[in-house]
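> From the sequence below, what's the structure:
(chains A and B)
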Amino acid sequence: MTYRQLLSLTIFASLIAASSLAYAGGGSFKGKFVYGGDAPKAEALKITADVAVCGKHGLTDEGLVVGKDGGLANVILFLYLKRGDTVKVDPAYDALKEMPVTMINEKCRFEPHVTLLWTEQKLKVGNKDSVGHNTKVNCLTNDPINPLLPANGELEIKFDKSERLPCQVGCNIHPWMTGWLVIRDNPYFAVTDAEGNFEIKNIPAGDWQFQVWHEKVGYVSDVKIGGRDTEWSRGRVDVSVKEGGVVDLGSVTVPAKEFED
Amino acid sequence: MNRLANTCRTTSNGWPAVWAVAVLASVGMLVAGCGSPDAQFKSNRAFIAKSLGEELAGEGSDDASEARAIRQGRIEQLDTVNAALAAMFGQPDDPFVVPDAELGVTDVIDDALLPTAAGAVGRDENGYARGLYRQHCVHCHGVTGDGDGPTAPLLKRYPRDFRMGKFKFKRTPLGAKPTDEDLHKVIYDGVAGTAMPSFKALLAEDEIDAIINYVKYLSIRGEVERKLITELTFLEANEEVDVSKDMLVDTFLADVVAKWQQAEESATPVPAPSGSITDQAAIERGKVLFQGKTANCFSCHGVTGLGDGQLGDYDDWTKDFADWGNILDADEKAEKLEQYIELTGLPPRNIQPRNLRQGVYRGGRRPVDLYWRIRNGIEGTPMPAAGMQQSPGGPGLTEDDIWDLIAYVKHLPYETISRPPEAVVENLRENP
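Predicted structure coming up:
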């Protein structure tokens, strides 16, 4: 780790510390998603352009990523709000407003694969590769973008409108590159990590619904919790948040057949 | 069908003395219903199938009766959507946009001009043209403006489908609408290298204006239709579709109309080049940029500009139904393809990066046209907006770099290698 990386990590850590100091209330929502089946072997991607640069990373399809203990990565959860409904964002999130979210073209893939953006934040699209990339985003509500990013290029973009579904991100120069961008007018969202875990903090106390979505499944509606079949209509799960409480979904299994086309 | 039959009866009853007409009408009814039916807008079938296809196919649930109920619910919702569209926009013979003073629809669509372009071909009592869209445009662009007129499948480049609200050749950036002047240029000059002809010899200025007005009308209608269909995907099959004015007009229509209102002010200003773009040094600099990793033109257009870089991609209109290039499973791809062709009649075709050695420029050959194509990118296509320097000396292009690229691109067709060898003209009489 270089000195600069260390420094930025320290700054980041202190920001996190600052934000927990500003903890104002609400409760948390957490859980773990698990793939219900034998972990499939990730399919190798066909590298059709800039092979010398992009071909050396052993890139695989990120549509279904299963980690240790069958943990299911890249499940997206976000607060479901009816048209016109709003949520009061906890001040604990204020520090995030000044922190741009990064979506980087790196090793001919998008890092991260799923980017979470609150409309109060700016999106920084970057390119750390030695080849040019274009980053094309088509959303339902926000204007499309398609900037070319030269090597080491960086661009700040502001999206103003909340999206009800993740937007697909692609690069036409390297057509295998796919990513997802979640744009919401509140920061109550999460994406499961490599082990399938997620946690959303400082949710105001009250009865909420969270929408659960995965790129191969769409709305995650048919799941098993504690071995019992559970249906979340249109991927919506009821979450009753109490002040200072934690709602733990526990282990949620998404059956393998949900991922078939 | 019932409505048509009634219309027929009314017609024949309305002309009791003209026996022959009545007979003809009833013969017509026997043979083909009743003359030709009123023109109707088509539903956006591909978008409906993409959004709700599984449920409409009766696969919305593992339980058969529940699946049937879901299917029925969706059909009823779609009926509501169609009724709402008809109430907001009328039909091809009688188009309008629901009047709303606050919304400023009249800034964008001139109601008085609609009959000049819409409806059946003919002349009004003063001899002014009527039905110009059906006379000149419908063969390719279709009654609905879906780019699916009868000649569409015969064309190598499919006609534009206006319903996505995306236009390629404009002075505004991605996401913004074209200005009236942009649309005027396409109709007046045509689109070089495609079947879109120039109408400058055929149409008077006010007639072109009427067609621009109608294209905007079709596009707005199409975009609102897409928004309504999308809205259904956020509802359960048994939920009611909100067709209140608040939703239809103040939310959906207002969104689309606002974008058209902002077109003019979103135009990208064009700074003057600091030198001549026919200067050899500019051409040389442009060549280096074209083949380099900052502008990255070569990735798609090829190192020599022949348009042979990226050949496997599709435009947004084609990708709207499925991301054809990224469906890894062969069976799934074949199934989707069959479905798509059944729905649209237009087999997906790759988008081709322009061969820049031919000197044929779809969106216009003026340097300023090329400026907007490079600076803003081309909406609905893989062509990205130039990556501009975010700070002086940082990675990216400068305005002058763009002019150098234009210099090089404009020069390419004149390189010796771009021109095929010409036959030597021999005068056989003089040199037997």
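
> Show me the strands in the stretch 51-200 of chain B, by range?
Under the criterion DSSP state E, counting those that start in this stretch, the stretch 51-200 of chain B carries strands at the ranges B:90-91, B:94-95, B:122-123, B:129-130.

> How about the stretch 1-150 of chain A?
Going by DSSP E, counting those that start in this stretch, the stretch 1-150 of chain A shows strands at A:27-36, A:76-80, A:101-106, A:109-111, A:114-118, A:123-127, A:133-134, A:136-138, A:148-149.

> could those strands go into JSON lines alongside distance to A:F259?
C-beta here means a position set from N, CA and C on the backbone, and glycine is covered the same way. Below are the strands of the stretch 1-150 of chain A laid out as JSON lines (distance: least, CB to CB, whole Å):
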{"stretch": "strand A:27-36", "distance to A:F259": "8"}
{"stretch": "strand A:76-80", "distance to A:F259": "15"}
{"stretch": "strand A:101-106", "distance to A:F259": "25"}
{"stretch": "strand A:109-111", "distance to A:F259": "20"}
{"stretch": "strand A:114-118", "distance to A:F259": "16"}
{"stretch": "strand A:123-127", "distance to A:F259": "28"}
{"stretch": "strand A:133-134", "distance to A:F259": "28"}
{"stretch": "strand A:136-138", "distance to A:F259": "23"}
{"stretch": "strand A:148-149", "distance to A:F259": "32"}
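
> and those as CSV, adding mean pLDDT, distance to chain B and mean neighbour count?
Shown next, in CSV, are the strands of the stretch 1-150 of chain A (pLDDT from 0 to 100; distance: least, CB to the nearest CB, whole Å; neighbours: other CB atoms under 10 Å in any protein chain shown):
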stretch, mean pLDDT, distance to chain B, mean neighbour count
strand A:27-36, 97, 16, 21
strand A:76-80, 98, 10, 23
strand A:101-106, 98, 12, 20
strand A:109-111, 98, 13, 20
strand A:114-118, 98, 17, 22
strand A:123-127, 97, 8, 21
strand A:133-134, 96, 4, 28
strand A:136-138, 96, 7, 23
strand A:148-149, 96, 4, 28
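
> closest to B:T251 out of those strands?
Closest to B:T251 of the strands of the stretch 1-150 of chain A is strand A:76-80 (CB to CB; 18.4 Å).

> elements contacting the closest one?
For strand A:76-80, the packing partners by 3 or more CB pairs under 8 Å, 6 or more residues apart in numbering or on different chains; DSSP states H and E come out as strand A:178-184, strand A:189-191, strand A:197-203, strand A:206-214.

> For residue 150, give me its contacts.
In the absence of a named chain, this looks at chain A. Going by CB atoms under 8 Å, 6 or more residues apart in numbering or on different chains, A:P150 touches A:127, A:132, B:293-296, B:387, B:395-397.

> Actually, chain B is the one I wanted.
By CB under 8 Å, 6+ apart, the contact set of B:P150 is B:H139.

> Phi and psi next, for it.
With angles defined as degrees, to the nearest 10, B:P150 sits at phi -60, psi -30.

> Kindly report the same for the one 10 residues further on.
Per-residue torsions, B:R160: phi -60, psi 140 (degrees, to the nearest 10).

> Might one say that it is in contact with B:H141?
Yes. Look at B:R160 against B:H141 with CB atoms under 8 Å: they come within range, at 6.7 Å.

> got any residues that touch both of those two?
B:G147.

> so how many other residues sit close to the residue nearest to A:F198 when sequence neighbours are not counted?
Nearest in space to A:F198, with sequence neighbours left out and distances taken as CB to CB, 6 or more residues apart in numbering or on different chains, is A:A190 at 4.1 Å. Using other CB atoms under 10 Å in any protein chain shown, A:A190 has 22 neighbouring residues.

> pLDDT score for A:A190?
Listed pLDDT for A:A190 reads 98.

> Spit out the contact partners of it.
With CB under 8 Å, 6+ apart, A:A190 has these contacts: A:76-78, A:116, A:198-200.

> Can you name the residues bridging to it?
A:L77 (DSSP bridges).

> Can you give me the distance of it to chain B?
Distance, A:A190 to chain B, by CB to the nearest CB, to the nearest Å: 21 Å.

> Relative to A:F210, how far out is that residue?
9 Å (CB to CB, to the nearest Å).

> got any residues that touch both of the two?
With CB under 8 Å, 6+ apart, A:A190 and A:F210 have common neighbours A:77-78, A:200.

> Would you quantify the distance from B:F234 to chain A?
For B:F234 relative to chain A (CB to the nearest CB), the value is 6 Å.

> No more questions from me, cheers.
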